[in-house]
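Trainee: Pasting a predicted model and its sequence here:
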Amino acid sequence: MTGFAVEVRDLTARYGSTTALDAVSFEIRPGAITGLLGRNGSGKTTFLSVLAAFRRRTGGTVLVDGEDPWENPRTMGGTCLVRESGDVVLDEAIKENLSFLADRRPHFDRTAAEALLDRFELDPDKRPDRMSRGQRSAFGVVVGIATRAPLTLLDEVHLGMDAPARYAFYDALLADWIEHPRTIVLSSHLIGEVERLLEDVVVIDKGRVLAADDATTLREQGLTVTGPADAVDAFVVGRRVVARQVLGRTAQATVIGTASDDAQRARAAGLELGAVGLQDLFVHLTDRAAGEPADALTPQESR
Amino acid sequence: MTAATPALPAKAGTGYAENQVWLTARWLLRTAIYLAVWFWGIAVVVVVGATVVVANVGELHNSVFAFARQGAIWFPFSVFIIVSATYLPIHVATGLTRRSLALGAVVAAAVTAVIYGTVFSLLLLAERAVFEAAGWQWRFFDDLSAGAGPETFVPASFLTYFVAYLSGLLVGIAYLRGGGWWGTITLPLTVGPILLVSAFFSADAGPVATESWFGGRGVSVPLAVAASLVLAALMAFVFDRLVRGADVPVRTS
């Protein structure tokens, strides 16, 4: 086994009268990088907080590596949730924070942490409360990667980081995961940037799970059709179109759901077919412009 | 070749949970001891200066160091409020349990009380020796412990400090869990024990004199010690319960 598995059944979490998670059920595969996608206030942070025993669930079952994580020394010791900027000792220098973590985290790799500090150009003598937002986010990334927890939860850790730093983070995360496989859950709004990292995807909206599957299967749940606008329009008649772009006489439509004769029809009409992007799928699932969000993918659409 | 991260933390075997308590206590004590050095250093300078001034302009009748008792109560009290109100997220984020935080914090409060009580008692005894050598009258004088001797002020110091620091932990966790209103409303319950334990050891404490509760003879020191220990145990139990049920405050992105 390479990391903790997570099993969630009918998980409910409420803050007073607000329901953050409403009886959600899904599983996170051990050893995979799973994307947790959702809009602001969708319940992502609450879900990750329950996994890391930051807060209690209101109802349902949560199993981390087969056990309830609440006040469980084993699973808590093997779970690392990094929220934006991390929960670190703000008035101690970074190097003191590393010692603090090394004393507490069974797999913490100080050498890796120091290499990452170099990569993100962070001064080990600087205190987190004297760093910029981007630097603090980068330090949170260092903590999340170097802790090497069997269940690593990264909740919007990229906020405040500029594009070069974010791409350095993605590369460092992937390289470390390949070297030390473990379960990683990555929560992000920047789907286009993180898409290449993700093996599995969970989409949450308004406390409900709209899709939970491996990324390849999700991408296959729809397709993009590109070609002459008239032909594209004819091809998508009666289909769930979630995005449409027109450039001159050429159009591209993104549809949810596939049919067995899609390839044949596309060839006949001179159209090109491609996989649906996670970003388009996400926007479709969580679009509230027309009122209520789209229904969750059907079992066929989301296995 | 890849090196898979083991599913079981290597340190999660026997003693892992117990080790968390000492890790926590050590970390909290590091700050407490650092602040104690500053506190007593400043106290010595101020008390020596005040003693010299008073000896030159008037007469000394009472211990000057005795007045540091209030500072030794309320300064660490405020530090322990900050500890329990702010340290929980960091503690849980490093994978440690609330149980270890509760026990570690109580251990840290107890050791801090021993440190402050020991330093305070030794400084009082040193001051008494200096006063006697100089021919000045030395008398322990404080609002709640007028005229007390070492047999009273030594245990009173240890236990008052311990209860005060537990009180700080309770105040912090009450504000963390209940917010501003509940934290404030419960102050009589969370801070009140400091006055109560002071009253246990008082000889003449005015309206809160315990001697009036026991037929005018006051509470004997052994009884005051026992009552204070029971009170401290009750406070530690309540703190433990409150910490174990505490959620880490939400910080959404």
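Mentor: Nice, I can see it.
Trainee: Which strand or helix spans the residue most central in space within chain B?
Mentor: Closest to where the C-alpha atoms of chain B average out (C-alpha atoms, centre = their mean) is B:Tyr165, at 2.8 Å. Using DSSP states H and E, B:Tyr165 falls within helix B:150-185.
Trainee: touching chain A at all, that helix?
Mentor: No: figure legend: helix B:150-185 not in contact with chain A (C-beta under 8 Å from any C-beta of the partner chain); closest approach 11.7 Å. C-beta here means a position set from N, CA and C on the backbone, and glycine is covered the same way.
Trainee: which other helices and strands contact that helix?
Mentor: helix B:68-93, helix B:98-134, helix B:187-200, helix B:221-244 (3 or more C-beta pairs under 8 Å, 6 or more residues apart in numbering or on different chains; DSSP states H and E).
Trainee: Does the residue nearest to the centre of chain B touch B:Phe77 like I think?
Mentor: Yes: with contact defined as C-beta atoms under 8 Å, B:Tyr165 counts as touching B:Phe77 (6.3 Å).
Trainee: Show me how far stretch B:112-123 is from its chain's centre.
Mentor: Distance, stretch centre to chain centre, for stretch B:112-123: 11 Å (C-alpha atoms, centre = their mean, to the nearest Å).
Trainee: Also stretch B:87-98?
Mentor: On C-alpha atoms, centre = their mean, the centre of stretch B:87-98 falls 22 Å from the chain's centre.
Trainee: got the angle for the longest helix along chain B vs helix B:98-134?
Mentor: Longest helix of chain B, by residue count under DSSP state H: helix B:16-57. Comparing the axes of helix B:16-57 and helix B:98-134 via axes from the mean of the first three to the mean of the last three C-alpha atoms, to 10 degrees yields an angle of 20 degrees.
Trainee: Quick check: A:Leu81 is in a strand.
Mentor: Yes: judged by DSSP: H, G, I helix; E, B strand; the rest coil, A:Leu81 forms part of a strand.
Trainee: who are the neighbours in contact with the nearest residue to it once chain neighbours are set aside?
Mentor: Excluding the flanking residues, the one nearest A:Leu81 by C-beta to C-beta, 6 or more residues apart in numbering or on different chains is A:Ala52, at 3.6 Å. For A:Ala52, the contact set (C-beta atoms under 8 Å, 6 or more residues apart in numbering or on different chains) comprises A:Pro69, A:Met76, A:Thr79, A:Cys80, A:Leu81, A:Leu153, B:Val92, B:Ala93.
Trainee: out of the residues you listed, who's nearest B:Ser157?
Mentor: B:Val92 (33.9 Å; C-beta to C-beta).
Trainee: And the pLDDT for that closest one?
Mentor: pLDDT, the model's per-residue confidence, is 96 for B:Val92.
Trainee: re the thing from before, any chance of CSV for the helices and strands packed on helix B:150-185, columns mean neighbour count and distance to A:Leu36?
Mentor: Putting the helices and strands packed on helix B:150-185 into CSV (neighbours: other C-beta atoms under 10 Å in any protein chain shown; distance: least, C-beta to C-beta, whole Å) gives the following:
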stretch, mean neighbour count, distance to A:Leu36
helix B:68-93, 20, 18
helix B:98-134, 19, 25
helix B:187-200, 19, 39
helix B:221-244, 17, 28
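Trainee: Which one, of these, ends up nearest to chain A?
Mentor: Among those, the nearest to chain A by C-beta to the nearest C-beta is helix B:68-93 (3.5 Å).
Trainee: and the stretch 101-250 of chain B, which of its residues are near chain A?
Mentor: B:Arg244, B:Gly245, B:Asp247, B:Val248, B:Val250.
Trainee: I'd like to know which of those are buried.
Mentor: B:Asp247, B:Val248 (16 or more other C-beta atoms under 10 Å in any protein chain shown).
Trainee: Adding pLDDT, write the residues of the stretch 101-250 of chain B next to chain A out as JSON lines.
Mentor: As requested, these are arranged in JSON lines below (pLDDT from 0 to 100):
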{"residue": "B:Arg244", "pLDDT": "96"}
{"residue": "B:Gly245", "pLDDT": "94"}
{"residue": "B:Asp247", "pLDDT": "94"}
{"residue": "B:Val248", "pLDDT": "93"}
{"residue": "B:Val250", "pLDDT": "77"}
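Trainee: neighbours around residue 151, how many?
Mentor: Reading this off chain A. 27 (other C-beta atoms under 10 Å in any protein chain shown).
Trainee: um, chain B though
Mentor: B:Glu151 has 9 neighbours, counted by other C-beta under 10 Å.
Trainee: ok, now which ones touch the residue nearest to it when sequence neighbours are not counted?
Mentor: Spatial nearest neighbour of B:Glu151, excluding adjacent residues (C-beta to C-beta, 6+ apart): B:Val221 at 6.1 Å. By C-beta under 8 Å, 6+ apart, the contact set of B:Val221 is B:Glu151, B:Thr152, B:Pro155, B:Phe201.
Trainee: Which one of those residues is nearest to chain A?
Mentor: The nearest one, if we look at the contacts of B:Val221 relative to chain A and count by C-beta to the nearest C-beta, is B:Pro155, at 35.0 Å.
Trainee: and the closest one, how many residues sit next to it?
Mentor: The number of residues near B:Pro155, taken as other C-beta under 10 Å, comes to 19.
Trainee: do A:Thr18 as well
Mentor: Around A:Thr18 there are 10 residues (other C-beta under 10 Å).
Trainee: Give me the phi and psi angles of it.
Mentor: In terms of degrees, to the nearest 10, the main-chain angles of A:Thr18 are phi -90, psi 130.
Trainee: The residue in the stretch 151-300 of chain A positioned nearest to chain B: how many residues sit nearby?
Mentor: Nearest residue of the stretch 151-300 of chain A to chain B: A:Glu156, at 3.5 Å (C-beta to the nearest C-beta). By other C-beta under 10 Å, the residues close to A:Glu156 number 24.
Trainee: The one 5 residues further on now?
Mentor: Other residues within reach of A:Met161, judged by other C-beta under 10 Å, total 21.
Trainee: Kindly report the same for A:Glu121.
Mentor: 10.
Trainee: Ok, A:Glu193 next?
Mentor: Neighbours of A:Glu193 (other C-beta under 10 Å): 16.
Trainee: what do you get for the one 10 residues further on?
Mentor: Using other C-beta under 10 Å, the number of residues around A:Val203 comes to 28.
Trainee: Which strand residues bridge it?
Mentor: With DSSP bridges as the criterion, A:Val203 is bridged to A:Leu37, A:Ala211.
Trainee: quick one: A:Arg29 from A:Val201, how far?
Mentor: Remark: distance between A:Arg29 and A:Val201 (C-beta to C-beta, to the nearest Å) = 12 Å.
Trainee: Looking at these two, which has the bigger crowd around it?
Mentor: Between A:Arg29 and A:Val201, counted using other C-beta under 10 Å, the more crowded position is A:Val201 (25 against 14).
Trainee: measure the more buried one to B:Ala32 for me?
Mentor: Counting by C-beta to C-beta, the gap from A:Val201 to B:Ala32 is 47 Å.
Trainee: can you check A:Gly270 too?
Mentor: For A:Gly270, the distance to B:Ala32 - C-beta to C-beta - is 77 Å.
Trainee: which of these two has more neighbours?
Mentor: B:Ala32 (24 against 9).
Trainee: For that one, give me the pLDDT.
Mentor: 95.
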